[in-house]
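Q: what's the 3D shape of this:
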Amino acid sequence: MGKTYVALAVVAAALPSARETGRPVIVMMPPGLASKWQREWDHFRASCCVRPEALSWVRDEPIETPIELIRKLELPKSRRPHLIWMTTGSFGKALEDPWIKLAFIRLARRHTRMDEETRKSVCKWATSLVRLKSEWRLTPELVERLLTTEIERWGNILGNEGILEADGEALVPEGLLKLQDKLSWSELAAQLHDVPGRRGPVSEQRLKESRQAFNQVCQGVYRAWLACAGWRASLLVLDEAHHAKNDSTRLARLLRSEDAELLVGGGSEAERPLLWDKFDRMLLLTATPFQLGHHELIRVLRTFAAVNWGGPAAPDFSRERFLADMEELEGRLDANRRGARRLDQLWGRLERDRVVPGDGEFAVHLQEWWARVNGTGPRSALEQEIFQAVEDCRQSRARAEDDPLHPWASLRTWVIRHNRPTELANRADGERVPRRVVRPGRALGDTAERNEVAFDGLPLTTESALPFLLAARAQGELAHGSASARAFFAEGLCSSYEAFHHTRDNRGDARDVGDDGVEVSEGQGVGRPETEGLVPVSWYEERIASLIPSRSAAEAVRYAHPKLRPVVERTVDLWAAGEKVLIFCFYRETARALHRHLRREVGQRILTLTADKLGLEGERRLERAEDALTRIARRLSDARSPFHQEVQRHLRAPFASKEFHGLKQWEEQLVGLLTAYVRSAPFIARYLPLESPEVRRAFSEDRASNDESRAGVAALGHALTERMDGSALTMAHRLEEFLRFTKELAERARFQSADEGEDPETRVDPLKQYLDALAVYVRRGGERDETDDDDASGAADGSWRMQGTVRLVYGQTKREARERLMLSFNSPLLPEVLVSSSVLGEGVDLHRFCRYVIHHDLCWNPSTIEQRTGRLDRIRCKAELAGRPIVIYEPYLAGSADERMFRVVRDRERWFQVVMGQKFEFDEATAEQLANRVPLPEALAAELVFDLRRAKSAG
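A: Presented below is the predicted three-dimensional model:
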């Protein structure tokens, strides 16, 4: 989130020049982040400028294809967009515009002779070839007229026929017509001679083959035309630029070529990348520059060679100089990586007993050992080698990091990095609060919010231990075997019983992301092929399968998993305290299992809390609690009830303040959503003071006296204003923060409505989008919709109810549903528990009302864990509002594959940036070696990492 706003500030600085020159700013992002960027821009210009109207003149538009881009850039300056949003796949899309294809036919005809029969055939079948027939109903006579008329006049002809608006944008960009003589039309002309005959029936197969051949030739002409097109933009902002780390990717090929000499030497336009020389400046964004290998980072930096090196805006030095300096920087990074890898290898030879003999706190003694080596000097040959390797790393890092004499050959010139402070802003009481705390292993089971230095894993009971011991034995056999093998089933077993069965059947194809954190589709597979000896220990698999609950076992039996159950219990406890919880897991079946168990346990806790508060006893206490919840919800829904009126009074009170005056027009809808939440079972059970005798009597089945009703209403009002969640925030606090967020969205909407020339029908209202997303989880009792998953709470009495306390997002969840869930979770309303199989790990905001994340499964790639946690660590997150840390749970099972992965990942977190973009195998032998290493001291790791911060604290 921080880099987005830095980028938008750069965009804002470049826009005046774009306005003057007519060359726009283009922001490109992955498809899943397109709407997010537009929302953030609306917020930026409404809230981040000294004068709110400072950027009101900016016209911004989302554009889907290069054709649409070129059309927009040919508009007069007064109508041309200043800021354009495009996805990274836009320039890779095939030509689908039927008018451009028809224009290609017209231009190809100009370059070939046709007899009358062929000409008639082309006119007859042209609309089918270009897919104009079904939508536009063009007759062969009108097509013939178009194909014999200058393309510039098509708009008038079609306007007169009532097919298109006469004053709309040009159907065919002028740039295509100007470049027609540079293009080769011979293949297309030859294809036109092969169109189906004029007379007689033509089979669908014949027409399909002709259309395919025609389209293939058109794509070649289209690419050649785009390569010659002379459009320019003042700035390109490329988000998630690490997706272009390999030259072979489609995105990278748009901007650079492996053959740099060809580019510098002035290769032909057809040989150059499509976006070569199109941009005056570039800004590349990535959250993980040092998770790239150093060669990958250099390749990303070489993308800058694609900027336009001519004219007054050209960089100071030449393109040749830039590429030479990149080569020099690559050599310096090579030297640093060689030194870091040598240090890594030497460090792997350290033995724990030699470094820290005896008992005591290992981490503390390790720091003392390194302080002694670094201070008084090494005492052994290995210590001497390590000491020298550390010094070599320091020197090579410094040379690659900053070079005032040759700035283009140093990272500081090209990479700007920002790390958030490790502590939250000072609280009023002066207490220093860490921004994050990590609670590993067994720490999942307590409520402390502090970082743990010493930790143990979750225990295995005597009854549950045998399958995990067998899995560990199987991993041991694989580790000491000759083949590089991976026991996916052992990792799955540590996640859930369901995941074990799924990984056993599907191997690596049981996850939505691979080991590298990249999302994959179900069926695509992310594991090794069986021919590599994936699991040569099938006996262990069969024994484990016979010992653990089967897929068809009762839900309660599968719930007994030694990690899944504690995760569910901790989540439900946090939820009961009023907190939202975000859970990430690696396996699809684990995500589904968590979702099922959490829904059941949350529902059970709602009834238990209600029964306990009401003092209900006996076998039917939960049934009576459910009846009581229904009765209370009805009373809160009854407009004549004093309880309903009290709820309304509290929910409407903030709208009277000057701060929220701008939300008046949305008051009814907002209060309706909030009222639905207040009368939902999750809210009633946790927040209403049902333990109060006055409230009990007031909500009892018997008619309460006036005094009892008044006392009950007063207790209800007190709960709405004073009762706190686990972060010490009251409902009033959360309501105000919710309204501040909706106020921001309303201001963006008003700001958009003031934009000149924007079509109101196509404008996206961010507040309406947000409220519509929330409204999905509010339905009239008794109604169902296709997205319902039996999360209903409350009776079918016709009143409005909140639905969906626990929700699931995984690879098969549609993008629209993902967007809706993200927006809803980022509110104080439902859903309150979100289970994700890592598909929400990048570029997503879930931070406004949640500060707890549980990594049910870890990932071999430390950057994936950081990306997940980063969903809650954003500007204006709940942690900042409450003055309490983001709590990160990393549960793992003691003595299992889980613990080994945890220890490897913990160690790799420190080495990952020391050895840039380190890649390592995930087979059992490698994992076992890594798990037994002496960890790198935190202070030493900090010395060896590139420090590219622009602002540093005095300390």
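
Q: Any regions of the stretch 201-350 of the chain where pLDDT drops low?
A: 201-202, 260-270, 289-290 (pLDDT under 70).

Q: make it 50
A: Applying pLDDT under 50 to the stretch 201-350 of the chain flags no residue at all.

Q: swap in the stretch 501-650 of the chain?
A: Flagging of the stretch 501-650 of the chain using pLDDT under 50 yields the residue ranges 525-535.

Q: All the strands of the stretch 651-800 of the chain, in order from the start?
A: Taking DSSP state E, counting those that start in this stretch, the strands of the stretch 651-800 of the chain run over residues 778-780, 800-802.

Q: cool, and the stretch 151-300 of the chain?
A: For the stretch 151-300 of the chain, applying DSSP E, counting those that start in this stretch gives strands covering 233-238, 279-284.

Q: And the stretch 451-600 of the chain, by the same measure?
A: Using DSSP E, counting those that start in this stretch, strands in the stretch 451-600 of the chain cover 580-584.

Q: Run through the helices of it in chain order.
A: Applying DSSP state H, counting those that start in this stretch to the stretch 451-600 of the chain gives helices spanning 465-479, 488-495, 497-506, 538-547, 555-558, 564-576, 588-614.

Q: nearest to residue 280, of those?
A: For residue 280, the closest of the helices of the stretch 451-600 of the chain is helix 588-614, at 45.4 Å, according to Cβ to Cβ. Heads up, the C-betas are built off the backbone N, CA and C, glycines and all.

Q: Could you list the buried residues of the closest one?
A: Within helix 588-614, the residues scored as buried using 16 or more other Cβ atoms under 10 Å are 588-603, 605-611, 613-614.

Q: now stretch 567-587
A: Buried, per 16+ other Cβ under 10 Å, within stretch 567-587: 567-568, 570-572, 574-576, 578-587.

Q: What of stretch 227-240?
A: Buried residues in stretch 227-240, defined by neighbour count with 16+ other Cβ under 10 Å: 227-229, 231-240.

Q: ok, residue 811 - how many residues close by?
A: Neighbour count for residue 811, taken as other Cβ atoms under 10 Å: 17.

Q: Ok, the one 3 residues further on next?
A: Residue 814 has 9 neighbours, counted by other Cβ under 10 Å.

Q: what's the spacing between residue 908 and residue 901?
A: For residue 908, the distance to residue 901 equals 10 Å [Cβ to Cβ, to the nearest Å].

Q: show me the biggest helix of the chain in terms of residues.
A: helix 319-348 (DSSP state H).

Q: Any idea how far apart the tips of stretch 242-250 sit?
A: Stretch 242-250 has an end-to-end distance of 13 Å (Cα to Cα, to the nearest Å).

Q: Okay, helices next: where are they in the stretch 251-400 of the chain?
A: So, for the stretch 251-400 of the chain - with DSSP H, counting those that start in this stretch - the helices run 260-264, 294-302, 319-348, 352-355, 362-375, 381-401.

Q: Of the strands of the stretch 651-800 of the chain, which shows the lowest average pLDDT?
A: Of all these, the minimum mean pLDDT falls on strand 800-802 (a mean of 49).

Q: just to revisit the earlier point, which among the strands of the stretch 151-300 of the chain is found nearest to residue 833?
A: strand 233-238 (35.1 Å).

Q: so the closest one versus strand 279-284, what angle?
A: 20 degrees (axes from the mean of the first three to the mean of the last three Cα atoms, to 10 degrees).

Q: Direction included, what does strand 233-238 pair up with?
A: strand 25-29 (parallel), strand 279-284 (parallel) (DSSP bridges).

Q: Quickly name whichever of the buried residues of stretch 227-240 is closest to residue 742.
A: Closest to residue 742, out of all of the buried residues of stretch 227-240 and judged by Cβ to Cβ, is residue 239, at 26.4 Å.

Q: ok now do that closest one, which residues does it touch?
A: Contacts for residue 239 (Cβ atoms under 8 Å, 6 or more residues apart in numbering) come out as 4, 7, 27, 28, 29, 30, 33, 37, 285, 843.

Q: Mind doing that once more with 7 Å?
A: Shown in contact with residue 239 (Cβ atoms under 7 Å, 6 or more residues apart in numbering): 28, 29, 33, 285.

Q: All good on my end, thank you.
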